[in-house]
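Visitor: Requesting a structural model of the entry that follows:
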Amino acid sequence: MNGIRHRWFSQNLESALKVLPVTVVTGARQTGKTTLAKSLDSKRAYFTLDDVGVLDQAERNPDSLLTTRPVTLDEVQRAPQLLLAVKRAVDERRKAGDFVLTGSANLLLMGRVADTLAGRAIYLELPPFCPAEWLQRKAALEPIDRLFSPAFDLRDWPDEKGNWIRWLLCGGFPPAVAIEADRDRGLWFAAYVQTYLERDLRQLSDVASLPDFQRLMALSANRTGKLLNQADLARDAALSHPTAHRYLNLLETGCLITRIRPFTTNPSTAIVKAPKLLWSDCGLAAWLAGIRTREDVAKRLDSGFWLEQTIYQTLQSWRAMDPANRRLHYWRDRAGHEVDFLLEQNGKLVAIEIKSSSQVSPSDASGILAFKSVLKKSHSLVCGVVLHAGKARPLDKDVFALPWGWLVRD
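Guide: Sure, this is the predicted structure:
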């Protein structure tokens, strides 16, 4: 499993460099941003703010780092004021592809960022590897794209053996996936969390108590795939509501969690409006939740949520390939009908329910059918899918039971 792997995301970066003068690539630490940036044209200058000397120069005289173009500036969240210098350089001479900025924090969510480079930059987020990308399966997301075709044929959906627990424990950070032994991988995740708390977090904000923050991380991990109730989370973490809210914002700024918003065509409709909490990396979330081995998974009463978190790893890769036209939502009404994920592409929707069982019935699609009945004409529901551990078959008109095995191929 060792070696540098090609990132699907590289095509996004190459396209962006042809259009705008600044491309900002963010993502959690260890997703591969630096490796991706260094794979660009060898004539491009490269400076990292992890270098103390470069960081000092960026703080004292940021314009001096921009005299050589094109240039890549790595870990720019360490000196947010650098963005003002980039803005001046672009306004002085605008040329597509001149600047690539990378950071282990979402600059748009950072309060200390003085300028967002509006009209000058495109922001892209690099997710961790999903199983298909790690295995270097070409065109591996095509089955998801086929779901948006009105002529979708379930016989075109792959039927392969999957091992979702293996991928849950590994996650998608390259160093972690490359470690075979669960115990050794656990040491890597422990070091990752320690580094995040003691280094990256302090760059984003002053946190009075790191143990409090780590406790909130663990409690948040145990809520993955569930609706986020910040009041309950704050109570369980023994924190004030504003503090819990700020800590969650820091996790999101650090690209570690995502809060998926509910889909609605009418804000006044009777749907649940709380976001759904998911982690960018299922392996990190599992480790934080105390899941270290297959036996730990077997003991969990919420294993279905962890299957959902693992499959989300692929869905976020699908979204990242075309962030301008693809969205992820969920849906739930106050009667309890729910759709785990809604994939949106150019106004078309695909509804997805995820089940761990190998046996499904039409009743497992009740949430999809309820959503279909309230959908407005402004959006088109192409089909509904119940992903499960069994074989493919139709459940209703444009509703199919399909195996999830290929998404977590063994």
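Visitor: Give me the distance between the two termini of stretch 288-297.
Guide: End-to-end distance for stretch 288-297, by CA to CA, to the nearest Å: 13 Å.
Visitor: Torsion angles phi and psi at Ala121?
Guide: phi -130, psi 150 (degrees, to the nearest 10).
Visitor: got it, and Ser380?
Guide: Geometry field for Ser380 lists phi and psi as phi -110, psi 120, criterion degrees, to the nearest 10.
Visitor: Tell me how many other residues crowd the closest residue to it other than its chain neighbours.
Guide: Setting aside the residues directly before and after it, Ser380 is nearest to Lys348 in space (CB to CB, 6 or more residues apart in numbering), at 5.0 Å. Every residue, glycine included, has its C-beta placed from N, CA and C. The tally of other residues near Lys348 (other CB atoms under 10 Å) stands at 16.
Visitor: Who does Lys348 form a beta bridge with?
Guide: Here Lys348 sits in beta bridges with Gln345, Ser380, going by DSSP bridges.
Visitor: right, and it touches Phe148 too?
Guide: Yes: taking CB atoms under 8 Å as the contact criterion, Lys348 and Phe148 are neighbours in contact, 5.4 Å apart.
Visitor: any common contacting residues for these two?
Guide: Shared contacts of Lys348 and Phe148 (CB atoms under 8 Å, 6 or more residues apart in numbering): Val382.
Visitor: contacting residues around stretch 401-410?
Guide: Counting by CB under 8 Å, 6+ apart, 130-132, 135, 137, 143, 154, 157-164, 166-167, 307, 310-311, 314, 354, 360, 364, 385-395 sit against stretch 401-410.
Visitor: Report the rounded mean pLDDT for it.
Guide: Per-region confidence: stretch 401-410 scores 95 on mean pLDDT.
Visitor: Dump the C-alpha coordinates for that stretch into CSV.
Guide: What follows is stretch 401-410 as a C-alpha-only set of coordinates in CSV (Å, rounded to 0.1, in the frame of the first residue of the first chain):
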residue,chain,number,x,y,z
ALA,A,401,-31.9,-1.6,-3.7
LEU,A,402,-28.2,-1.6,-4.6
PRO,A,403,-25.1,-3.2,-2.9
TRP,A,404,-22.7,-0.9,-1.2
GLY,A,405,-19.8,-3.3,-1.6
TRP,A,406,-17.9,-1.5,-4.3
LEU,A,407,-17.8,1.7,-2.3
VAL,A,408,-15.7,-0.1,0.4
ARG,A,409,-14.1,-2.8,-1.8
ASP,A,410,-12.4,-5.6,0.1
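Visitor: Among the contacts of stretch 401-410, which ones are in strands?
Guide: Ile354, Val385, Val386, Leu387, His388, Arg393, Pro394, Leu395 (DSSP state E).
Visitor: List the residues that contact the last one.
Guide: The contact partners of Leu395, by CB under 8 Å, 6+ apart, come to Val360, Ser361, Pro362, Asp364, Ala365, Val386, Ala401.
Visitor: In ChimeraX, how would I select just the buried ones from those?
Guide: Only the buried members of the contacts of Leu395 end up in this ChimeraX selection, burial being decided by 16 or more other CB atoms under 10 Å:
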select :360,364,365,386,401
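Visitor: Make CSV from the contacts of Leu395 and add distance to Ala105 to it.
Guide: As requested, those are exported to CSV (distance: CB to CB, whole Å):
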residue, distance to Ala105
Val360, 41
Ser361, 45
Pro362, 45
Asp364, 39
Ala365, 40
Val386, 37
Ala401, 40
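Visitor: just to revisit the earlier point, what distance do you get for the residue nearest to Ser380 to Leu284?
Guide: Taking CB to CB, to the nearest Å as the criterion, Lys348 is separated from Leu284 by 32 Å.
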